[in-house]
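In: Using only what follows, build the 3D model:
(2 chains, ligands or ions: 2)
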Number of protein chains: 2
Amino acid sequence: VAKRPRKSQYPLINFDEAVRTVMEHSKCLPVETIPIEDSLGRILSEDITAKVSIPPFRASIKDGYAVLSSDGPGPRRVVSSSTAGQSEPAPVRSGSVVRITTGAMVPTGADAVVQVEDTELLAATEEGAEELEVKILTSAKAGQDIRPAGSDVMKGDTILKKGTRLGPSEIGLLASVGVTQINVYRVPTVAVLSTGNELSDPHGTLREGHIFDSNRIMLMMALKEHRIPFVDMGIAIDNTDDLHKKLSDALSKADVIVTSGGVSMGEKDLLKYCLTVQLKAKLHFGRVLLKPGKPTTFATIPSSNTEKLVFALPGNPVSSMVCFNLFVLPALRKLMGDPSPSPTKIKAKLTADIRLDSRPEFQRVQLVWGDSQIPQAFTTGKQISCRLLSMCQANALVQLPPRSEEVSILRTDDVVDAILIGRL
Amino acid sequence: VAKRPRKSQYPLINFDEAVRTVMEHSKCLPVETIPIEDSLGRILSEDITAKVSIPPFRASIKDGYAVLSSDGPGPRRVVSSSTAGQSEPAPVRSGSVVRITTGAMVPTGADAVVQVEDTELLAATEEGAEELEVKILTSAKAGQDIRPAGSDVMKGDTILKKGTRLGPSEIGLLASVGVTQINVYRVPTVAVLSTGNELSDPHGTLREGHIFDSNRIMLMMALKEHRIPFVDMGIAIDNTDDLHKKLSDALSKADVIVTSGGVSMGEKDLLKYCLTVQLKAKLHFGRVLLKPGKPTTFATIPSSNTEKLVFALPGNPVSSMVCFNLFVLPALRKLMGDPSPSPTKIKAKLTADIRLDSRPEFQRVQLVWGDSQIPQAFTTGKQISCRLLSMCQANALVQLPPRSEEVSILRTDDVVDAILIGRL
Ligand SMILES: [Mg+2]
Ligand SMILES: [Mg+2]
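Out: Residues are numbered from 1 along each chain as shown, chains lettered A, B, ... in the order given. Ligands and ions are numbered 1, 2, ... in the order given. Below is the predicted model:
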C-alpha cells in the first residue's frame, strides 16, 4: 500500500475522445434469422422486399356500390355483391352495379365505387333480404374510392432498408407483405457485476459498514428497458481471486461486461489490475474528464472471433447510471446494428442558474414542455454522485461546458443540450 | 341488407369527448405485491419509506486519510486503516491519521478526509507493505470529503411517492434502502383480435381476395413495447357466431379487448351488433370526428367487480395504430395507475405545407432536432390510412385542426402540436 502511486497513472482523456474510443471498438454482431414475433427493437441486416402487392387486387375503399363511372347518377340494378375476402366477383356491365364492402375486390368492368351514403334504395326482395335496385345520387369519377392493386406497395418493392429499427409498425408492415422470418443483427448479452466488500445484497440484512448494492439491479433494469438480455453475476468482493473468477465467468457468458466499483485510487480498487494483468485486457482509458464518472474505465479482451467489451463503471450509483447512458448504451446499440447509436440530443432551457464545474458535467433534469416551444429543464435536486434520488424522474441529462475564464455560471433561460435518457 | 341504414346511426362525437369518455371508464386496477425485479414500468400504489439511511454511517468520499481538521497540514503517523465494508475502525487521535477508502466508515475522532493526491509518503515498513508516516499537504476543513450518516436519505424518509413510475433508477433506489417487495397497481392483460373474412395469417399463404393480417401482430408488438401483457385471440371471420365465441373467450382471459375491423357500414361489419346485442355491452361511441379513425368504437361490459373495456378499432392498419396511441394506450396507462396517462405533447415545426381536412387530423411524422430549438416534423409520406409505410419510422403524430373558413392550409414553419409515439 505504501508505495502506491499518489497520482493516478491513467491519463484523464476528454469525453468526446472516450466516446469515440468506445464506438471504434463496438463492432456489429453477426446476423441471425428470427421470426417477426421476436423482432421488436431489433435492427434489419438486409433490405426487405414485398412478397405480395398491397392491396393484392383492386380494392374498394368504401362500403357502397361498384359502378361504371360513365353511367353517371340514376337508378341501377344490383346484380350481385362483393364482400371482403370473397374471390373474383361477377363482372359489372353498364346499367348495373355490384354491392361492395370496404376491402373487397372491385369487379371487372367497374371503375368506381359510390359510397352507400350517396345512394337510395328503390326496390328489394319481399323479405328485404336483397336489394334489387338502388338510385346512385352522385356522379362518380373514374377510379373513385378504389385502391389500384399495388398502390400502397408493389410486389418486389423494397419496403424496409437494412439498418431499420423494428417497431410495432415496421413489424406490422412485414406481416402485411407476408414476410415472417427476417435477418437481423444479433443482440449482445451483457453480464452485470457489482464489486466491493461493502456491498450487501438488498434481499438480505445490512451488515455494519455495508451499504445495499443498488447498481446491479439498476443496470439490469436499464438493460431490460432497452430489451437487451443480461446475466446477473452477483457481487464480487475486493480480492483478485474473486474478481478474476467472476470476470472469467462473465466472459464465458456474455459479449459485454458491465461492472461497477473498484476503479478509483483506493487500495481495494483492484479492477484495473485484474483486467490488465490477470485477464490480459487492453485498457483503452481509465479516467475521463467528466462529472460524474471520472474513473470510468473501458477495456477490450480478445476472444475467438471478436473482442469482448468491458465497461468498468464507477461505484457511485449516479455515476454508473449516467455512464451507462453515455457510454454503454450507445455501444450496445452499435453492437446490435443500430446505425444511429448515439443518444438523442435536443435543446432545453435552464430553469435556474447553474455554477459550472471545472469538468464538463452532465446534470440530471426533468424536461417539461408545457406550452413552450422549447422544453424547460428542471433539476432533480442536489447533484452529488452518490445521491440516486437525483436520477429518479430524470428524463434527460443537460450537458454543461466546463468553467472558463469567460463563463463560470449559466443563467436561467440559457439554452443547453439535453441528452434524452427516459420517457418524456 | 336492403333495409340497412344508409347513414350511420352512430353520432359523430368529437375527439376530446371521445378521449374523455374512454378515460372516465378506465379505472385503476387493484394493488398487488411484487418483487422489485419484476417492477420495471409499474406504478407504485404506496409511498415508500427508507428502511435504512444512506449512507448508513459517516462515509468517506475519497481514497485518502481520515484526519482531525484541527491538526492542519504536516507529518502524521498512520495508525490503522478503514476500508469499505469493514466494521467500526479504530479511532483517530490528534497527531495520527487512519488510511481510508471511498465508502469506508470514518473513524471516531476524525472529522475530515484528505485525498491521497494531497499527501506524501514519509516512512513505510521495510517491505513497503504498510505506511508508517505520511505528510498531509493541505489544510482540511471540518467535514471535508465526508458524507454524514443519512445525508442522502434518512431512515424513515419517504423516498418515492404513490403514483411514481418505476424506471431503472427508481428500482435502484428501492434496493439501496433495502426495499425489495412493493405494492403496485396490477397491469391489465389485453386480448387482441383481428376480424374479417379477407384476412389470411401472414404465416400461411395469401388466398384470392385476401390480405395478410398485419394489425394483430402490430398491436401485440405495441403492447409488448409498453410492457403490457397480451393474449393473441387470432382472426375472427365476419359471422356473429365466430365473433361471439372469440369475444367471449377474450373476455374470460383479459381486462381489455382490442379488435380491429368490422366497425364500418358494410354488411359484414358485425362487431357493434355482436357487442351490444350478444354481449350486452354498453356502446359509448361508434364514430369519432377524426382522421384517421372515424369508425373507432368504444364499449364497456360489466364484469364481476369491474368493467371490461372494448376498443373496436378500424381495420385500416394506420387507423388502428393511430387510435391505439390516442385511445388505448392512455386507457391502459390509467388502468395501471399512471397519474399522467395522456400522451406527451410537444411543439414541432412543419417542413411542408399541409392542406387541412374537414376532420381534425393526426398525420404521421418524424421529428428531427438538428441544431434547432424546436424539432422539424418531416412527413412519412402519403397519409392514406391503409398505407402502413406512413407509420414506419414515425415517432410523432402532428395534430392538425379541421379546415375552417379562415384557415384551409398550414404552411412550412408553422408550429403545431406533436404527440410522441416512438423513440426520438
Ligand atoms: Mg470499492
Ligand atoms: Mg371487415
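In: what packs against the longest helix seen in chain A?
Out: In terms of residue count, the longest helix belonging to chain A (DSSP state H) is helix A:240-253. When contacts are defined as 3 or more C-beta pairs under 8 Å, 6 or more residues apart in numbering or on different chains; DSSP states H and E, helix A:240-253 packs onto strand A:190-195, strand A:230-236, strand A:256-260. In short, each C-beta sits where N, CA and C put it, glycine included.
In: what helix or strand does residue A:403 sit in?
Out: Residue A:403 belongs to no helix or strand when assigned by DSSP states H and E.
In: residue contacts, the closest residue in space to it that isn't next to it in sequence?
Out: Computed as C-beta to C-beta, 6 or more residues apart in numbering or on different chains, the closest residue to residue A:403 that is not its neighbour in sequence is residue A:356, at 4.0 Å. Residues in contact with residue A:356, defined by C-beta atoms under 8 Å, 6 or more residues apart in numbering or on different chains, are A:400, A:401, A:402, A:403, A:404, A:407, A:408, A:409, A:410.
In: neighbours of the fifth one, just the number please.
Out: Applying other C-beta atoms under 10 Å in any protein chain shown, we find 9 residues neighbouring residue A:404.
In: those strands in the stretch 251-400 of chain A, which residues are they?
Out: With DSSP state E, counting those that start in this stretch, the ranges of strands along the stretch 251-400 of chain A come out as A:256-260, A:282-285, A:287-289, A:297-302, A:307-313, A:345-350, A:354-355, A:361-368, A:376-379, A:396-400.
In: so which of those gets nearest residue B:115?
Out: Smallest distance to residue B:115 across the strands of the stretch 251-400 of chain A (C-beta to C-beta): 14.4 Å, for strand A:287-289.
In: Helix or strand: which one has the residue located most distally from the centre of chain A?
Out: For chain A, the largest distance from the centre (C-alpha atoms, centre = their mean) belongs to residue A:126, which lies 60.0 Å off. Assigned by DSSP H and E, residue A:126 falls within no helix or strand.
In: Which residue is the nearest non-sequential neighbour of residue A:76?
Out: residue A:97 (4.4 Å).
In: What of residue A:141?
Out: Counting by C-beta to C-beta, 6+ apart, residue A:69 is the residue found nearest to residue A:141 once chain neighbours are left out, at 6.1 Å.
In: contacting residues for the one you found?
Out: Residue A:69 neighbours (C-beta under 8 Å, 6+ apart): A:111, A:112, A:139, A:140, A:141, A:142, A:143, A:144.
In: top of those residues by neighbour count?
Out: residue A:140 leads those on contacts (other C-beta under 10 Å) with 26 neighbours.
In: just checking, it touches residue A:112?
Out: Yes. Contact criterion C-beta atoms under 8 Å: residue A:140 and residue A:112 qualify, at 3.8 Å.
In: what do the two both touch?
Out: Residues touching both residue A:140 and residue A:112 (C-beta under 8 Å, 6+ apart) are A:67, A:69.
In: before we move on, the earlier item: what does the pLDDT read for the residue nearest to residue A:403?
Out: Note on residue A:356: pLDDT of 98.
In: Ligand 1 versus that one, what's the distance?
Out: 29 Å (C-beta to the ion, to the nearest Å).
In: For ligand 2, see how far away that residue is.
Out: Taking C-beta to the ion as the measure, residue A:356 falls 61 Å from ligand 2.
In: ok so, going back, turn the contacts of residue A:69 into TSV, including distance to ligand 2.
Out: Shown next, in TSV, are the contacts of residue A:69 (distance: C-beta to the ion, whole Å):
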residue	distance to ligand 2
A:111	23
A:112	21
A:139	28
A:140	23
A:141	25
A:142	26
A:143	22
A:144	21
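In: any idea which of the residues you listed is closest to ligand 1?
Out: Nearest to ligand 1 among these: residue A:143, at 72.3 Å, using C-beta to the ion.
In: Need the three-state assignment for that closest one.
Out: coil (DSSP: H, G, I helix; E, B strand; the rest coil).
In: Next up, the contacts around it.
Out: Taking C-beta under 8 Å, 6+ apart, we find residue A:143 in contact with A:69, A:111, A:112.
In: Report the separation between it and chain B.
Out: In this view, residue A:143 and chain B are 14 Å apart by C-beta to the nearest C-beta, to the nearest Å.
In: now residue A:237
Out: Residue A:237 sits 8 Å away from chain B, going by C-beta to the nearest C-beta.
In: before we move on, what SS does the residue nearest to that residue when sequence neighbours are not counted have?
Out: In space, and not counting its chain neighbours, residue A:237 is closest to residue A:197: 5.2 Å by C-beta to C-beta, 6+ apart. Under three-state DSSP, the three-state class of residue A:197 is coil.
In: got it, and residue A:417?
Out: Secondary structure assignment for residue A:417 (three-state DSSP): strand.
In: ok, it - contacts?
Out: With contact taken as C-beta under 8 Å, 6+ apart, residue A:417 is in contact with A:345, A:346, A:347, A:348, A:398, A:399.
In: give me that answer again for 7 Å
Out: A:345, A:347, A:399 (C-beta atoms under 7 Å, 6 or more residues apart in numbering or on different chains).
In: And residue A:201, by the same measure?
Out: By C-beta under 7 Å, 6+ apart, the residues touching residue A:201 are A:213, A:235.
In: mind checking how far it is from residue A:235?
Out: 7 Å (C-beta to C-beta, to the nearest Å).
In: what stretches of the stretch 151-300 of chain A score poorly on pLDDT?
Out: Counting by pLDDT under 70, the stretch 151-300 of chain A has no low-confidence residues at all.
In: Near ligand 1, which residues of it? Just list them.
Out: A:196, A:261, A:262 (C-beta under 5 Å from the ion).
In: May I ask which of the residues you listed has the most neighbours?
Out: Within those, neighbour counts (other C-beta under 10 Å) peak at residue A:261, which reaches 31 neighbours.
In: From what I see, that one and residue A:196 are in contact.
Out: Yes. The criterion here is C-beta atoms under 7 Å, and residue A:261 meets it with residue A:196 at 4.4 Å.
In: Mind listing the shared neighbours of the two?
Out: residue A:315.
In: before we move on, the earlier item: of the contacts of residue A:356, buried ones?
Out: Among the contacts of residue A:356, those buried by neighbour count (16 or more other C-beta atoms under 10 Å in any protein chain shown) are A:400, A:402, A:403, A:410.
In: Just to check, the third one is in contact with residue A:360?
Out: Spelled out, that is residue A:403. No. In this structure, residue A:403 is not within contact of residue A:360 by C-beta under 7 Å, at 9.8 Å.
In: if we can go back for a sec, between the contacts of residue A:356, which is closest to residue B:322?
Out: The closest of these, once distances to residue B:322 are taken by C-beta to C-beta, is residue A:400, at 38.6 Å.
In: now the closest one: how far from ligand 2?
Out: Between residue A:400 and ligand 2 the computed distance is 56 Å (C-beta to the ion).
In: do the same with residue A:151
Out: Distance of residue A:151 to ligand 2, computed by C-beta to the ion: 19 Å.
In: cool, and residue A:86?
Out: As judged by C-beta to the ion, residue A:86 and ligand 2 stand 12 Å apart.
In: For that residue, grab the count of nearby residues.
Out: The local packing of residue A:86 (other C-beta under 10 Å) involves 18 other residues.
In: List the contacts of residue A:307.
Out: Residue A:307 makes contact with A:25, A:300, A:301 under the criterion C-beta under 7 Å, 6+ apart.
In: gap between residue A:93 and ligand 2?
Out: Residue A:93 sits 27 Å away from ligand 2 when distances are taken as C-beta to the ion.
In: What residues does that residue make contact with?
Out: Listed by C-beta under 7 Å, 6+ apart, the contact set of residue A:93 reads residue A:109.
In: Next one: it, what pLDDT does it get?
Out: For residue A:93, the pLDDT comes out at 96.
In: Quick one: end-to-end distance for stretch A:267-287.
Out: Distance across stretch A:267-287, first residue to last, is 17 Å (C-alpha to C-alpha, to the nearest Å).
In: of the contacts of residue A:307, closest to ligand 1?
Out: Comparing the contacts of residue A:307 against ligand 1 with C-beta to the ion places residue A:301 closest, at 21.4 Å.
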